[in-house]
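Asks: Okay, sequence plus prediction incoming.
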Amino acid sequence: MTQKMRQKIIDLANELPDELLAEALSLLNSLLAEPADKFDADDSSTLEQSEFDKVMAAYQVISEKYKNALRELAQ
């Protein structure tokens, strides 16, 4: 994983509300806990990237909903 991807995860985690952080960490830990031999060596980077992309997309959706809710409350 590149430094840029790690920073993106940190940035998105900082935008999540506290009540969602535990679930997000659980999801990331479950991805790490999957056995490495589950995937073929040739396909592992593609599959791992696909899972990472899904997690990042979920973070973005949740953070946008959270931001929108905060904007509505501020009005």
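Replies: Arrived safely.
Asks: Nearest residue to Ala58 in space, please, no chain neighbours.
Replies: Spatial nearest neighbour of Ala58, chain neighbours left out: Leu27 (7.8 Å); criterion: Cβ to Cβ, 6 or more residues apart in numbering. Just so you know, the C-beta spots here come from the backbone N, C-alpha and C atoms, and that holds for glycine as well.
Asks: That neighbour: which element?
Replies: Using DSSP states H and E, Leu27 maps to helix 18-33.
Asks: Next: Val55.
Replies: Judged by DSSP H and E, Val55 forms part of helix 44-74.
Asks: packing partners for that helix?
Replies: helix 3-15, helix 18-33 (3 or more Cβ pairs under 8 Å, 6 or more residues apart in numbering; DSSP states H and E).
Asks: out of these, nearest to Tyr66?
Replies: Nearest of the helices and strands packed on helix 44-74 to Tyr66, taken as Cβ to Cβ: helix 3-15 at 6.9 Å.
Asks: so how far is the closest one from its chain's centroid?
Replies: 9 Å (Cα atoms, centre = their mean, to the nearest Å).
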